[in-house]
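**Student:** fold the stuff below for me.
(one chain, ligands or ions: 2)
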Amino acid sequence: MLRYRRIFGEWMLAVGIILILTGCGSGKAEQYGSVDTAMGTVVSQTLYVCGDREEAESEIAAVMELLTRLERQELSWRIQDSEVARINALSQKEAEAIQGQENAMREGMVVPISPVMQQTLQQIWQVSADSGGALDVTLGRLSRLWNLDALSAQATEISVPTQEQIRTALEDAGYERARISQETLELPPGMQLDLGAVGKGIACDRVGEYLRSRPQITGAVVAVGGSVITYGQKPDGSPWKVAITHPRKEGSYLGILSLTGEHYVSTSGDYERYVMVDGVRYHHIFDPSTGAPAHSGLCSVTIVCDSGLLADALSTACFVLGPQQGLALARSYGAQALLVEEDGTVHMTDDMKEIFIAQ
Ligand code: ADP
Ligand code: MG
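**Tutor:** Numbering: from 1, shown residues only. Ligands and ions are numbered 1, 2, ... in the order given. Below you'll find the predicted structure:
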């Protein structure tokens, strides 16, 4: 009996190892890919699936569906029924109601939020506090004022807001003026949220949750714009490769990240949505202290860590902070960071040097 148990046990162990090695009951996971758009950006998926093309395509469609749902129901400030749009509409309505009342108390108003939104905002507020306000998702009015949608490398002009317009837009901003409590957000009337700096990272977190629930998916790389999740492993065991765009040489790469297992990568740069006017680069990452595009000396920041939201939040915050403070912030989160200065100087945390291969 004892001998039987031992043999049976060894046999089970061997089977276990085979299952782990291939990730499939039998055969090898096959690679499937797709490029599509969601959340206003390009989504590229590479999935390793134990199954036929039809099954892989339904997994790819499920990922696209969850991204579209995330945008429609939770994050978009443009889509009326999303939670962020609902918060903004209530805040706007209240601001209009008290407008003109000279002595109106501009006290905080309270809006209900979902438990998921509460968790998300709490994490964002922590990064805002730790970055001295470099990340501030209450800049909604400011980002609309700059009309970010019109920014693109092909654009040739921009209508720069006046100092007065900027000052007014900033009056309605300030993360420290909003409070998140049990299922509510207290905010000054008129404040508008814009989760653009973290949306794609949150999307990668949701993709990660989905992938973990699908045992037939043994490995994946999914990129939502500049935010990427790597997950699981390739059948041949080789690492995932994630290329980092060169911020000043269009079409080339600065280098490649070599990653094993689950990681979240996010890059923030001034080279995708921008316009050059009279030698000034107007881009889409603002310094909340000035209300103008940030000029901290950096042109690209890449963060690698174990959370999509944090990677995205930190890449934006570090971009605003500049090389020294940016590196310190990333280190304080135990995140790997690569920061590129406009003159090409590259700064990396020590653990980033271990995974970065320069081109
Ligand atoms: P991308 O969206 O291109 O990946 P980021 O993650 O850096 O780039 O986010 C930039 C977006 O975040 C802008 O389009 C704007 O909506 C918003 N934003 C800009 N500056 C800030 C800031 N300092 N804090 C929070 N959000 C910001
Ligand atoms: Mg970001």
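**Student:** residues near R179, how many?
**Tutor:** Here the number of neighbours of R179 (other Cβ atoms under 10 Å) works out to 13. (C-beta placed from N, C-alpha, C; glycine too.)
**Student:** again but with S213, I slipped
**Tutor:** So S213, with other Cβ under 10 Å, has 8 neighbours.
**Student:** quick check: phi and psi at it.
**Tutor:** The phi/psi pair for S213 (degrees, to the nearest 10) reads phi -90, psi 0.
**Student:** ok, now the one 4 residues further on?
**Tutor:** Recorded main-chain torsions at I217 are phi -100, psi 110, according to degrees, to the nearest 10.
**Student:** for V49, same thing?
**Tutor:** Per-residue torsions, V49: phi -120, psi 140 (degrees, to the nearest 10).
**Student:** so A155 sits in a helix?
**Tutor:** No - counting by DSSP: H, G, I helix; E, B strand; the rest coil, A155 is located in no helix; its state is coil.
**Student:** please enumerate the helices of the chain.
**Tutor:** 2-22, 53-69, 83-98, 115-130, 140-145, 163-171, 199-212, 308-321, 323-332, 350-353 (DSSP state H).
**Student:** may I see those helices organised as a markdown table, with mean pLDDT and mean neighbour count added?
**Tutor:** Putting these into a markdown table (pLDDT from 0 to 100; neighbours: other Cβ atoms under 10 Å) gives the following:
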| stretch | mean pLDDT | mean neighbour count |
| --- | --- | --- |
| helix 2-22 | 41 | 10 |
| helix 53-69 | 98 | 16 |
| helix 83-98 | 95 | 17 |
| helix 115-130 | 98 | 17 |
| helix 140-145 | 96 | 21 |
| helix 163-171 | 97 | 15 |
| helix 199-212 | 98 | 22 |
| helix 308-321 | 98 | 29 |
| helix 323-332 | 98 | 18 |
| helix 350-353 | 98 | 13 |
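**Student:** and these as TSV, adding distance to V275?
**Tutor:** Formatted as TSV, the helices of the chain follow (distance: least, Cβ to Cβ, whole Å):
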stretch	distance to V275
helix 2-22	50
helix 53-69	28
helix 83-98	26
helix 115-130	27
helix 140-145	15
helix 163-171	17
helix 199-212	22
helix 308-321	18
helix 323-332	24
helix 350-353	31
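**Student:** so for V43, which of these sits nearest?
**Tutor:** Nearest of the helices of the chain to V43, taken as Cβ to Cβ: helix 53-69 at 6.4 Å.
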